[in-house]
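> Predicted model and sequence below, questions to follow.
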Amino acid sequence: MMRGGVCKHGHDMTPRNTYTNSQGTRVCRACVRASRKRYSAKHRDEINAYLRRWRSGRNGAAAARLPKAKVIPYKTPIVDGPPSAESLARLEQAMRAVML
């Protein structure tokens, strides 16, 4: 695909203009940029429609993939009678660990 020091579209394959993809192939940044620009121009309406749905929060597919934030209140165990010295010591130790 690459010939010498230029890509198939004639761009110089300098270290600044190339990167190695996950398959280990050198890729021309200028060609990738041009390809993305062509794709965006061709699919502009689809991209804008997707972004409108996503921004409005009505994109069911994306919303299904995102985990819902849950607020779990701290529940104190109900104990009959006053807390024991052992449980108070464990509570103090836990509080010290949190404060560090």
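Okay, I see it. Residues are numbered from 1 along each chain as shown.
> and A30, what is it in contact with?
C7, H9, H11, N17 (Cβ atoms under 8 Å, 6 or more residues apart in numbering). Quick note: C-beta positions are derived from backbone N, CA and C, even for glycine.
> so the third one touches C31, yeah?
Yes - when contacts are counted by Cβ atoms under 8 Å, H11 is listed as touching C31 (6.4 Å).
> And the helices in the chain?
Ranges of helices within the chain are 29-42, 44-56, 60-65, 85-99, based on DSSP state H.
> for this protein, which spans come out with low pLDDT?
Applying pLDDT under 70 to the chain flags residues 1-4, 58-81, 100.
> how does it look with 90?
Residues of the chain that meet the criterion pLDDT under 90 lie in 1-8, 10, 13-15, 25, 47, 49-100.
> coming back round to it: any idea which of the helices of the chain gets closest to Q23?
Closest to Q23 of the helices of the chain is helix 29-42 (Cβ to Cβ; 14.1 Å).
> now the angle between helix 44-56 and the closest one, please.
With axes from the mean of the first three to the mean of the last three Cα atoms, to 10 degrees applied, the angle from helix 29-42 to helix 44-56 works out at 80 degrees.
> Mind listing what's buried along helix 29-42?
Residues of helix 29-42 classed as buried by neighbour count (16 or more other Cβ atoms under 10 Å): C31.
> cool, and stretch 11-23?
H11, T18.
> And it, end to end?
Using Cα to Cα, to the nearest Å, one end of stretch 11-23 lies 21 Å from the other.
> How about residues contacting it?
Outside stretch 11-23, the residues that touch it by Cβ under 8 Å, 6+ apart are M2, G4, G5, V6, C7, R26, V27, C28, R29, A30, C31.
> Compare those and tell me which is most surrounded.
C28 (23 neighbours; other Cβ atoms under 10 Å).
> Please report how far the closest residue to it other than its chain neighbours lies from R36.
With sequence-adjacent residues excluded and distances taken as Cβ to Cβ, 6 or more residues apart in numbering, C28 is closest to C7, at 3.9 Å. Using Cβ to Cβ, to the nearest Å, C7 is found at 15 Å from R36.
> cool, and P15?
Taking Cβ to Cβ, one finds P15 at 21 Å from R36.
> and what of I47?
Counting by Cβ to Cβ, the gap from I47 to R36 is 11 Å.
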